[in-house]
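Asker: Return a 3D structure for these sequence lines:
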Amino acid sequence: PVIKELSNFLTSNHILIHGAKGFDVKVDYSKGAVEIRPQDICTMSEVILEETPVYRVGCISGPNLAKEIAQKQPAGTVLASRFKEVLAIGTEILQCDRFQIYGSNDIKGIELAGVFKNYIAIAAGASAALGYGENVKALLITKGISEMIAIGKALGVEPKSFLGLAGIGDLVATCSSPLSRNYSVGYRLAKGESIEQIISTMTEAAEGINTVKVIKYLSETVHIQAPLVGIIYKVMYEGHSLENGIKMLMRLNAGQDELESEELELEIDSDELVREINLEIDKGQEPMRIDKYLVSHVERISRSKFQAAADSGSLLVNDKPVKSSYKISPLDKIKVILPLPFGHEGIKPEDIPLNIVYEDNDMLIINKPAGMVVHPGVGNYKGTLVNALLFHVKNLGKGQDAMKPGIVHRLDKDTSGIMVLAKTDFSMAYLAKQFFDKTNHRKYVALVWGDLDANEGTINKNIGRDKFERKRMRTFEDDFEGKPSITHYKVIERFGYCTLVECILETGRTHQIRVHMASLGHPVFNDDRYGGNVIVKGTVFSKYKQFVENCFKVCPRQALHAKELGIEHPETKKWMTFDSELPEDMTALIEKWKTYSRGRLLEFEETT
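Answerer: The predicted structure is shown next:
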């Protein structure tokens, strides 16, 4: 209502910068648990764009405790906007010798960081009231930031904004100071007051009270593991004690520290565009720490960046990851993989032919060949689908990720098949939502090792990154680890030692079919990452071994093909289904197994 009233005085010439730390939810959640989807949540900037003629919008967010600022104590904040003039004018107006402004173009990420931290502040205040020390506070902050990142990604923002002043910075302040309204709510809650009593005596809003509900319902709807918000919800609204909540938190299967795992995507298998540095140590080099050596031999890269590379497994000596404290030796071969800045102009259009199945002004359907990488990444700066797409489509919409323009979904490098690509930002958002909401249709065909027990079935196992081999994914039996993943499979034809199956994805995790089939003991044929590139079923006698080796040569990659894709068109809203024939290598491979299978059957009949 307030912004609607204000809209009468605004025009498209105005710039509007807000400092609100909340969001608008399009469903009524006041009466209990409901489904809240990402599209049901609007940040303040999105509300402004919807309700007013203003389009140049910015927000400020950071560790800005009002009483400290009123006392003229030094502070800093983040000013975020997609428009350079908003950042320039806002900085000019707001910055002074006691108030530092840091710019960001990720307005949604900055807004969400300012909202999410409030429920963690409530937990911190409650823990202080119960006499818990700094260790518990540190646990709450670090587990909380991991949840913030996971939930933020579900809402379409990158982790980086949660790791700066508006994220961790604001979190530290609000989780440490009695001046924080949300901290005070938690403190009073732990001292025995009810939420109703606390609200009735507050003169200012504590956003975390409502945020807890929204984030809990959202995380349940999109199947995000957010145990901390669940615990705080139970304490606030279901009468559980915080002591029991802390015990619940300690009983969770911790696994790997989330901030070191896939949420930051810094490992070698990252999708970021990167710079690779290769050096060889001279024969006469004295031993010294590798990070110090690199700083002295590589220009314009700080020691902290080399240390971060080591922490993420991206600093290798003689092809093995090492720590930043590693002492170099003569003739050591060093490789460092460093992410380039977001929006780096390293992606160049290339005249690479595309096998186009369908094209209009909104989208492009292609048949991706095996061997083509979808977007630039480690060791693949050229020859990717993105390079080809930039050449084929002029003025291609960039979506939310400048590194992956037009890319709605992915296929692995050595997986062939049908893909949809977006030409405009609207198409990107519309199509990506279908993948997120699981309203599209995806069917794959795979040749897997072994003779499956059932003609059809469903694999329902969480998938996450392997903690020891970072390029591999794995399944988890515990619901607290990995992400929910569902694959439906059906046998097409049996060849004795191999089976041809079709797989329909209900979710879309990295390597999902490959990981799920391998978890059953039936890896995809010739899948070198999950054990399909050796003889899994059958004998190792020379004749059969030679046959299998010939099959590997006929199809020198994992035998997996994205055969069918069904989507709703972004503009016409019509349902469209696209089909792709099996490529020659898989067709030839299947024929070889058919022939071999028939031969074995004839031999069996003759001997009986």
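Asker: Check the gap between the residue nearest to residue 295 when sequence neighbours are not counted and residue 566 for me.
Answerer: Counting by Cβ to Cβ, 6 or more residues apart in numbering, residue 303 is the residue found nearest to residue 295 once chain neighbours are left out, at 4.8 Å. C-beta: built from backbone N, CA, C; applies to glycine. Distance, residue 303 to residue 566, using Cβ to Cβ, to the nearest Å: 51 Å.
Asker: Phi and psi next, for residue 462.
Answerer: With angles defined as degrees, to the nearest 10, residue 462 sits at phi -60, psi 150.
Asker: How about residue 500?
Answerer: Torsion angles, degrees, to the nearest 10, at residue 500: phi -90, psi 120.
Asker: got a list of what it touches?
Answerer: Residues near residue 500 by Cβ atoms under 8 Å, 6 or more residues apart in numbering: 445, 446, 447, 491, 492, 493, 494, 590.
Asker: right, and out of the residues you listed, which lies closest to residue 198?
Answerer: Proximity of the contacts of residue 500 to residue 198 (Cβ to Cβ) peaks at residue 446, which lies at 56.1 Å.
Asker: per-residue confidence for that closest one?
Answerer: Per-residue confidence (pLDDT) for residue 446: 98.
Asker: List the beta-bridge partners for it.
Answerer: Beta-bridge partners of residue 446, counted by DSSP bridges, are residue 501, residue 560.
Asker: if we can go back for a sec, compare the contacts of residue 500 and tell me which is most surrounded.
Answerer: The most neighbours of any of these, using other Cβ atoms under 10 Å, belong to residue 446, which has 27 neighbours.
Asker: thought the residue nearest to residue 295 was touching residue 297?
Answerer: No. If you go by Cβ atoms under 8 Å, residue 303 and residue 297 don't touch, sitting 12.0 Å apart.
Asker: pLDDT wise, what is residue 264 at?
Answerer: pLDDT, read off for residue 264, is 34.
Asker: before we move on, the earlier item: now the residue nearest to residue 295: how far from residue 6?
Answerer: 49 Å.
Asker: three-state assignment of residue 336?
Answerer: Look at residue 336: counting by DSSP: H, G, I helix; E, B strand; the rest coil, its state is strand.
Asker: Now do the strands in the stretch 1-150 of the chain.
Answerer: Taking DSSP state E, counting those that start in this stretch to define them, one finds strands in the stretch 1-150 of the chain at 15-18, 23-25, 41-43, 56-61, 75-81, 99-104.
Asker: pLDDT of the fifth one, averaged?
Answerer: If I follow you right, that is strand 75-81. Mean predicted confidence for strand 75-81 is 92.
Asker: so what does that strand touch, helix or strand wise?
Answerer: strand 56-61, helix 84-94, strand 99-104, helix 107-129 (3 or more Cβ pairs under 8 Å, 6 or more residues apart in numbering; DSSP states H and E).
Asker: Next, the angle from the last one to strand 75-81.
Answerer: Regarding helix 107-129 and strand 75-81, their directions subtend 150 degrees when assessed with axes from the mean of the first three to the mean of the last three Cα atoms, to 10 degrees.
Asker: angle of helix 107-129 against strand 56-61?
Answerer: 20 degrees.
Asker: how about helix 107-129 as CSV, C-alpha atoms only?
Answerer: Taking Å, rounded to 0.1, in the frame of the first residue of the first chain, the C-alpha atoms of helix 107-129 are listed here in CSV:
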residue,chain,number,x,y,z
ILE,A,107,20.6,-6.2,-6.3
LYS,A,108,18.5,-9.3,-5.6
GLY,A,109,21.4,-11.1,-3.9
ILE,A,110,22.1,-8.1,-1.7
GLU,A,111,18.4,-7.8,-0.8
LEU,A,112,18.0,-11.5,0.1
ALA,A,113,21.2,-11.4,2.2
GLY,A,114,19.7,-8.6,4.2
VAL,A,115,16.5,-10.6,4.8
PHE,A,116,17.9,-14.1,5.4
LYS,A,117,20.3,-13.2,8.2
ASN,A,118,17.5,-12.1,10.5
TYR,A,119,16.4,-15.6,11.5
ILE,A,120,20.0,-16.5,12.4
ALA,A,121,20.2,-13.4,14.5
ILE,A,122,17.2,-14.7,16.5
ALA,A,123,19.0,-17.9,17.1
ALA,A,124,22.1,-16.1,18.2
GLY,A,125,20.2,-13.9,20.7
ALA,A,126,18.5,-16.9,22.2
SER,A,127,21.8,-18.8,22.6
ALA,A,128,23.2,-15.7,24.4
ALA,A,129,20.3,-15.6,26.8
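Asker: So for the closest residue to residue 180 other than its chain neighbours, what pLDDT did the model give?
Answerer: Leaving aside its sequence neighbours, residue 180 sits nearest to residue 174 (Cβ to Cβ, 6+ apart; 4.2 Å). What the model reports as pLDDT for residue 174 is 85.
Asker: doesn't residue 63 make contact with residue 174?
Answerer: Yes. With contact defined as Cβ under 8 Å, residue 174 counts as touching residue 63 (7.4 Å).
Asker: Quick check on those two: which one has the bigger neighbour count.
Answerer: Using other Cβ under 10 Å as the criterion, residue 174 and residue 63 rank with residue 174 on top: 25 against 22.
Asker: Can you name the residues that contact the more buried one?
Answerer: Counting by Cβ under 8 Å, 6+ apart, residue 174 makes contact with 63, 65, 117, 118, 120, 121, 124, 180, 182, 183.
Asker: Distance of the fourth one relative to residue 170?
Answerer: Right, the one you point to is residue 118. Counting by Cβ to Cβ, the gap from residue 118 to residue 170 is 9 Å.
Asker: show me where the stretch 251-400 of the chain has helices.
Answerer: Here the stretch 251-400 of the chain has its helices, by DSSP state H, counting those that start in this stretch, at 290-297, 303-311, 385-392.
Asker: Can you say which of those helices is packed in most?
Answerer: Highest mean neighbour count of these: helix 385-392, a mean of 21 (counted as mean count of other Cβ atoms under 10 Å).
Asker: Quick one: residues in contact with it.
Answerer: 347-354, 364, 366, 368, 372-376, 396, 403-407, 419, 421.
Asker: ok, 6 Å please
Answerer: 347, 349, 350, 351, 352, 354, 372, 374, 375, 406 (Cβ atoms under 6 Å, 6 or more residues apart in numbering).
Asker: Name the residues of stretch 25-41 that are buried.
Answerer: The neighbour-count check on stretch 25-41 (16 or more other Cβ atoms under 10 Å) flags 25, 29, 36, 37, 40, 41 as buried.
Asker: Cool, thanks, signing off.
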